[in-house]
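Chemist: One predicted model, sequence on top.
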Amino acid sequence: MHGDDAGNASQEAILASVVRSSLDCVIVTDETGSVVDFNPAAEATFGYSRAEVVGRQILELILPPRLRNAHADGLAAFFAGGASRLLGRRTEQIAMRANGDEFPVELTITEAHSGQRRFFTASLRDLSHRRAADAALRASEARLAAFMKHAPIGMYLKDTDGRYLVANPEMGKVFGRPAEDAIGLSAADIFGPEEAAMIAENDRRVLESGQAIAVEEFLSSAIDYAWSLVVRFPVLWADQQQARIGGFDIDITEQKRAAERLQQSERLNALGSLLAGVSHELNNPLAVVVAQTQLLEEFLAGTAHAQRASKIRLAAARCARIVKTFLAMARQRPPERRSTDINELIQAVLDIAAYGLRTAGVDVRCRFAEGLPSLEVDPDQMHQVFYNLIVNAQHALQEISAPRIIEIETSREGNDVKVVIADNGPGVPAEIRNRIFDPFFTTKAQGDGTGIGLSFSLGVVQAHNGRLSLLDRPDGAHFQLLLPVQSRTVSDPTEGAAAFPVVGIGRTALVVDDEREVGETMAELLEIEGFAVTIVEDGASAKAALRSATFDAIFCDLRMPNTDGPALFDWARQAVPGLAERFIFVTGDTLGGAAARFLERAGRPVIEKPFSRDSVLRALANVPD
C-alpha cells in the first residue's frame, strides 16, 4: 500500500509539474465549475493569482458577461446527459482578462475522473498575437493587392521556366486576355513564336546575369502595349536556390507614336521644303510651255496644229497640277473643290495608267454605277488618290502569275458615293495592316517606294470628309473609299474667265522675273491685250524702272535673288504712294509659310505658275485703272 501511495504521489507530482510548466493556460475545474487548479501561464494571461481563483466559478472569471448564460446553459444540458460541443474539441472562443479586456483563445476541454468525482481540464492558448499577425498579413496582402490592381503599369512574377506566377490586371492588356487566365502559362502559350523567343531570351539574360535589365519590346499583336519598356529583375527568397523573375511592363506606345509623328512631321517639313524648290524650278518652264502653247492655239485656230498645241498645253497643265498636288500634300493645303463626275475621273486615271497596266498584263474590270451624283471634290487631289491605289495594285500583282485582275466598282451607299478598288494579289499581311497608312511606311524594296502614297491618299480623303479603309478580305487587297454627297457651294474658279474685257490698250506694265523666258512669256500675253511692257530680271532693276516711269500694273515674281518680291513691294509702298496697289504677284508656291503670310498681309492678286491668259486677265481685273 505504501508503495502504491508513493507511486501515486510521484505521478501527481509529475502531473502538477507538467501543468505548472506548460506554456498554455491550464485551468482545472470540478463538475460544479469551481476552479481546482490555475497554472502560472493562466495567471500571467488572465491577471489572477491562483489563490484568487481556486474555488470560484470559472464562467465568472474568464468569460465576458454576455457569453456566460449561453455557456451555463450548455454545461447544464451536458450534465443532464446531452452532448457537449466543446468537450474533446479544439475551438476558438472569446475570453476576458481580470481587467475586462477581451481576447481570442484556442480552447480544448478534456474530462477526467477521480473516484466518483469528475474533473475538467481547459487548455487555452492566447491567440492575440496570432490574430494580430494574421490581421497585419491580411492588411499587407490587401495593400499589395490594391497596389497591384490599381498600378498603371504591368507587374508580374515568373518561375525559372517562364511561367507566370503572379500578374496584375494591367498585364491583361499585354496578354490580350484577362491576367488571371495567364497564370501557369509561359510566353510561348500566349504570344507568337518570334515574340515568345524575344521574351524568353530577355528572361534568360536576367537569370544568367543576376542583374536587373531594362529593354524595349515590340508586340505586333498588342494595341495598348504595342511598345513596352520592360524592367526585369531576379527575385530570390531566403529558402530558394534559384531566382524567380520579376518584371514591370511600362506602356510607351503613345510616346513611341508621338516620336514617330514628330519624325514624320520633320520629314514632311523637309519634303515640303524640297518640293517647294522643285515646284519653283518646274513651274517656271511649265509656265512658258502652257502660255506659249495657248498662244499657238489662238494663232493656229482651226488647224490640226492647233489641236496638237492644245494637247501639249493640257499635258503641261496636268504636270503642273501634279506638282501642285504633291506640294499641297507637304503643305497640307485644303482641297479646292468643284463639281466632279467620279466615274469620269476614275476613267481619266485609267487612261493615264493604261500603258503601265497593259504592259504588266493587268486586266482592269470596271463596274461603274449609272446616275451617281456629282461630288464636290478637288479633282486633281482625288485623281492622285485613285492613281496611287491603282498603281499600288499593279505593283502588288507583279508578285503573282496571270491572271492579274484589278476590279473597280462605284455605287451609291446612303449619303456617300462608294468606290472599291480590289486586286487578286497577295494582299496585305495581318501584322502590318494597321501601319500601311503611316507616312513613309512602305513594304517595297529600298528605292522602289517612298511610303508617301497611301498616307497622302488618306489625308486627301479625310480632307474631303471621306473615309479610306483597307477591307478585311482573304483574296488580295480591297480598298474602299466613301465620299460624301454635298450640295455645290464652290464655283469653278476658271468659269467666266473668257468674259474679261481687253483692258490693256494704252496702258503700261512692268514684269519682274529672274527667269528671262518666263518674263518674256508674260510680256507676250500682256502685249496681246494692248499693254506696253517693260521686262526686268531683278529687284534692283525694278526699283530703277519704278523711279523713272509710271506703270499701270506690276507683275512681280515672289522668289528672286537679292531683292525678292516682298522686299520690292515693301519698298514701293514706302517710296511711291499708291504704287503698291498696282502689284500682282506671280509664284509657283502660294502654300509656303513665309509666302502665305506675306500674301495675306499684302492683300494683292496672285497668279500661280504656270499661268494662262485667263489667269492674267482675272488678276488685272483687281488692279485700279
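Modeler: That came through, no problem.

Chemist: dump the residue contacts of Phe38.
Modeler: Contact analysis of Phe38 by C-beta atoms under 8 Å, 6 or more residues apart in numbering lists 27-28, 48, 50, 53-54. C-betas here are computed from N, CA, C, even on glycine.

Chemist: As JSON lines, those residues with pLDDT, distance to Ala287 and secondary structure would be great.
Modeler: Formatted as JSON lines, the contacts of Phe38 follow (pLDDT from 0 to 100; distance: C-beta to C-beta, whole Å; DSSP: H, G, I helix; E, B strand; the rest coil):
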{"residue": "Ile27", "pLDDT": "93", "distance to Ala287": "114", "secondary structure": "strand"}
{"residue": "Val28", "pLDDT": "92", "distance to Ala287": "119", "secondary structure": "strand"}
{"residue": "Tyr48", "pLDDT": "94", "distance to Ala287": "114", "secondary structure": "coil"}
{"residue": "Arg50", "pLDDT": "93", "distance to Ala287": "119", "secondary structure": "helix"}
{"residue": "Val53", "pLDDT": "93", "distance to Ala287": "118", "secondary structure": "helix"}
{"residue": "Val54", "pLDDT": "94", "distance to Ala287": "123", "secondary structure": "coil"}
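
Chemist: Of the residues you listed, keep whichever come out buried.
Modeler: When the contacts of Phe38 are checked for burial by 16 or more other C-beta atoms under 10 Å, the buried set is 27-28, 48, 53.

Chemist: Tell me the one of those nearest Gly184?
Modeler: Ile27 (49.5 Å; C-beta to C-beta).

Chemist: Now the closest one: closest residue in space, sequence neighbours ignored.
Modeler: Of all residues not flanking Ile27 in the chain, Ala122 sits nearest, at 4.6 Å (C-beta to C-beta, 6 or more residues apart in numbering).

Chemist: lowest average confidence, helix or strand, in this protein?
Modeler: helix 2-21 (a mean of 68; mean pLDDT, DSSP states H and E).

Chemist: okay, the residue most central in space within the chain: pLDDT?
Modeler: Centroid-nearest residue in the chain: Glu254, 5.5 Å away (criterion: C-alpha atoms, centre = their mean). We have a pLDDT of 88 for Glu254.

Chemist: helices or strands next to the host helix or strand of it in the packing?
Modeler: Following DSSP states H and E, the helix or strand that holds Glu254 is helix 253-299. Helices and strands touching helix 253-299, by 3 or more C-beta pairs under 8 Å, 6 or more residues apart in numbering; DSSP states H and E, are strand 227-235, helix 304-331, helix 516-528.

Chemist: any chance of the ones you listed in JSON lines, with mean pLDDT and distance to Pro285 too?
Modeler: As requested, those are exported to JSON lines (pLDDT from 0 to 100; distance: least, C-beta to C-beta, whole Å):
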{"stretch": "strand 227-235", "mean pLDDT": "92", "distance to Pro285": "47"}
{"stretch": "helix 304-331", "mean pLDDT": "75", "distance to Pro285": "9"}
{"stretch": "helix 516-528", "mean pLDDT": "91", "distance to Pro285": "7"}
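
Chemist: Need the ones you listed in TSV (columns: distance to Ser220 and mean neighbour count).
Modeler: Below are the helices and strands packed on helix 253-299 laid out as TSV (distance: least, C-beta to C-beta, whole Å; neighbours: other C-beta atoms under 10 Å):
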stretch	distance to Ser220	mean neighbour count
strand 227-235	10	19
helix 304-331	28	18
helix 516-528	52	19
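
Chemist: would CSV of these with distance to Ile554 be doable?
Modeler: As requested, the helices and strands packed on helix 253-299 are exported to CSV (distance: least, C-beta to C-beta, whole Å):
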stretch, distance to Ile554
strand 227-235, 56
helix 304-331, 24
helix 516-528, 11
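
Chemist: Domain parsing of the chain, as residue ranges.
Modeler: Domain ranges of the chain: 12-131, 151-251, 337-484, 498-620, per automatic domain parsing.

Chemist: Count the residues that sit near Asp73.
Modeler: Residues within reach of Asp73, counting by other C-beta atoms under 10 Å, total 10.

Chemist: secondary structure element for it?
Modeler: helix 65-79.

Chemist: which strands and helices sit next to that helix?
Modeler: For helix 65-79, the packing partners by 3+ C-beta pairs under 8 Å, 6+ apart are helix 58-62.

Chemist: swap the cut-off to 10 Å and go again
Modeler: helix 58-62, strand 90-96, strand 102-114, strand 117-126 (3 or more C-beta pairs under 10 Å, 6 or more residues apart in numbering; DSSP states H and E).

Chemist: for these, which one sits closest to Thr534?
Modeler: Among the helices and strands packed on helix 65-79, strand 102-114 sits nearest to Thr534 (C-beta to C-beta), with 110.2 Å.

Chemist: who's in contact with Phe437?
Modeler: Going by C-beta atoms under 10 Å, 6 or more residues apart in numbering, Phe437 touches 454-459, 468-470.

Chemist: Checking Gly100 next. Helix, strand or coil?
Modeler: State at Gly100, reduced to three classes by DSSP: H, G, I helix; E, B strand; the rest coil: coil.

Chemist: and it, how many neighbours?
Modeler: Gly100: 9 neighbours (other C-beta under 10 Å).

Chemist: my guess is Ala42 meets Arg50, correct?
Modeler: Yes - between Ala42 and Arg50 there is a contact under C-beta atoms under 10 Å: 8.1 Å.

Chemist: got any residues that touch both of these two?
Modeler: The contact lists of Ala42 and Arg50 share Val35, where a contact means C-beta under 10 Å, 6+ apart.

Chemist: which residues of the stretch 401-550 of the chain score low on pLDDT?
Modeler: Low-confidence segments of the stretch 401-550 of the chain (pLDDT under 70): 431, 435, 439-453, 487-504.

Chemist: Try it again at 90.
Modeler: 401-403, 424-465, 469-477, 485-507, 515, 528-529 (pLDDT under 90).

Chemist: circling back to that earlier point, would you mark the buried spots in the helix holding Asp73?
Modeler: Those would be 75, 78, for helix 65-79 by 16+ other C-beta under 10 Å.

Chemist: to the chain's geometric centre, what's the distance from that helix?
Modeler: 70 Å (C-alpha atoms, centre = their mean, to the nearest Å).

Chemist: List of residues touching it?
Modeler: Applying C-beta under 10 Å, 6+ apart, the set of residues contacting helix 65-79 is 29, 31-33, 57-60, 62-63, 82-87, 93-96, 100, 102, 111, 118, 120.

Chemist: Recalculate using a threshold of 7 Å.
Modeler: Helix 65-79 is contacted from outside by 31, 33, 59, 63, 84-85, 94, using C-beta atoms under 7 Å, 6 or more residues apart in numbering.

Chemist: So Ile406 versus Ala545, what's the distance?
Modeler: When distance is defined by C-beta to C-beta, to the nearest Å, Ile406 is 57 Å away from Ala545.

Chemist: Leu470 looks like it's in a strand, true?
Modeler: Yes - counting by three-state DSSP, Leu470 is located in a strand.

Chemist: beta partners for it?
Modeler: For Leu470, the beta-bridge partners are Phe479 (DSSP bridges).
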